[in-house]
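> Mind looking at a prediction? Sequence and model below.
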Amino acid sequence: MTDPAKFRLGLEVCAEHPPDVLRGKRFGLVMNQASIDASFSTADEVLDESMPGQLTALFGPQHGLWSEQQDNMIETPHALHSERQIPVHSLYADVRKPTKQMLDGLDALVIDLQDVGTRVYTYIWTLSHCLEAAAEHGIPVVVLDRPNPLGGEVVEGPMLDPEFASFVGRAPMPMRHALTIAEVARYLNDAMGIGAELSWVPMREYHRASYWFDLGRLWVPPSPNLPRFEGVLLYPGQVLLEGTLLSEGRGTTTPFEVCGAPYIDPRKLVDELDEFEPDGVAFRPYRFEPTFQKHVGSSCGGLYFHPTNAGTLRSYRTTVAMLGCIRKLWPDDFAWREPPYEYEREKLPIDILAGSPSLREAIDDGLTPDSLDAVTAVDEAAWRESTRSHRIYD
């Protein structure tokens, strides 16, 4: 396991020993409020102190530089950094890919983003767009590596069908991919045929089996609806609720840890779930009232998910089982969400989230323990083999 006393982020290693590709170069930095070091200094502060005067532009992903925008498809405006007097380019606004004008004057692009280990989290797809733009304009990319908070061993959820590519999945990956963000960059650069000039600053004394709680670092929300690490553990499954009219807990203080709708009887749902024998999680019958988004101002019945064992928890399987139970118990009330969703205006949100129509069809046909196994299966050996050459910490 990782020794917290010796562990160092890519950001911290870079500040101590800047790579040659950045020495004396003007660079842009893709970051947000979770791009911090052990003392909570932000990446722009750390790198500006290490390489004074070289940072000339900032880029923010979905939710903005300070993670202020709560919901999907709520765009962040471009801005000027009030202290540094350098541009802050939004990559979740009129464009999601850096333009030539944004990259003009830069010698390199540095990326320091905290991923959450789940395919549909848009930061890795912002990363892919940055790789593409940098390749097109002949600018090298340096990724400062950060941990996969879900560890690097467990893989969950079937592979994305390329026909269902979107901003929540642009290349074949399982839902829970077990890679760090630098490993993702290496994989995407090859798998998508991008061919960017890519380098990375690896973490020091990091072991891929480590979960976030093994690292000795406090959790800083990389986006506003993952304020707690418990939500991150549940996210690979609970994010599927965004493809339904069920509340995933947005508008509460613990999104993705709670879920429900006004028509749900919590105790009936708990009893029905027993058939699927979920592991690593306890369910508490719960009621809540969202303050925004789905079912705002309505009392919702549902469940509070309590992770009890991170090692055995399979959140994707658990959430799919729950969706099957709700569809069975309340067939006239349960509904799939209609587009648009994350800039996809034709395909159903659940299909681009799950990566194909198979999950939706299995639930609509009546989920059983056998069909649950089929619809949540992933060829772990094939995924590990396809990413073997891109892994840094094996």
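That came through, no problem. Because the structure is predicted, anything quoted here is derived from the model rather than measured. Residues are numbered from 1 along each chain as shown.
> Quick one: the helices in the stretch 101-250 of the chain, in order.
For the stretch 101-250 of the chain, the helices identified by DSSP state H, counting those that start in this stretch occupy 123-137, 181-191, 229-238, in order along the chain.
> actually the stretch 251-394 of the chain, not the one I wrote
Under the criterion DSSP H, counting those that start in this stretch, the stretch 251-394 of the chain contains helices at 266-273, 315-329, 349-354, 358-364, 369-376, 380-387.
> and the last one, what other elements does it pack with?
With contacts defined as 3 or more CB pairs under 8 Å, 6 or more residues apart in numbering; DSSP states H and E, helix 380-387 has these neighbours: helix 181-191. Using the backbone N, CA and C atoms, a C-beta is placed for each residue, glycine as well.
> for the lowest-mean-pLDDT helix or strand in the chain, packing partners?
For the chain, scoring each helix and strand by mean pLDDT, DSSP states H and E identifies strand 79-80 as the least confident one, at a mean of 94. Using 3+ CB pairs under 8 Å, 6+ apart as the contact criterion, the elements in contact with strand 79-80 are strand 87-90.
> Quick check, central residue of the chain?
residue 121 (2.8 Å; CA atoms, centre = their mean).
> if we can go back for a sec, with residue 175 as the reference, name the closest of the helices of the stretch 251-394 of the chain.
When the helices of the stretch 251-394 of the chain are ranked by proximity to residue 175, the top entry is helix 315-329, at 5.4 Å, counting by CB to CB.
> the inter-axis angle of that closest one versus helix 266-273?
Computed with axes from the mean of the first three to the mean of the last three CA atoms, to 10 degrees, the direction of helix 315-329 lies at 110 degrees from that of helix 266-273.
> State the mean pLDDT of helix 315-329.
Helix 315-329 shows a mean pLDDT of 98 in the predicted model.
> With mean pLDDT and mean neighbour count as added columns, please give the helices of the stretch 101-250 of the chain in JSON lines.
Formatted as JSON lines, the entries for the helices of the stretch 101-250 of the chain read as follows, by pLDDT from 0 to 100; neighbours: other CB atoms under 10 Å:
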{"stretch": "helix 123-137", "mean pLDDT": "98", "mean neighbour count": "22"}
{"stretch": "helix 181-191", "mean pLDDT": "98", "mean neighbour count": "23"}
{"stretch": "helix 229-238", "mean pLDDT": "98", "mean neighbour count": "25"}
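> per-residue confidence at the residue nearest to the centre of the chain?
Model confidence at residue 121 (pLDDT) stands at 98.
> repeat for residue 1
78.
> if I pick it, what's in contact with it?
The contact partners of residue 1, taken as CB atoms under 8 Å, 6 or more residues apart in numbering, are 207, 209-210, 214.
> In these, which residue is surrounded by the most others?
Ranked by neighbour count (other CB atoms under 10 Å), these have residue 210 at the top, with 21 neighbours.
> Now it: phi and psi?
Its backbone dihedrals place residue 210 at phi -70, psi 130, with angles given as degrees, to the nearest 10.
> which ones are touching it?
With contacts defined as CB under 8 Å, 6+ apart, residue 210 is in contact with 1-2, 147, 151-152.
> Of those residues, keep whichever come out buried.
With burial judged by 16 or more other CB atoms under 10 Å, the buried subset of these is 2, 147, 151-152.
> Give me the neighbour count for the residue nearest to residue 146 when sequence neighbours are not counted.
Nearest-residue entry for residue 146: residue 114, 5.2 Å, with adjacent residues in sequence omitted and distances by CB to CB, 6 or more residues apart in numbering. Using other CB under 10 Å, the number of residues around residue 114 comes to 25.
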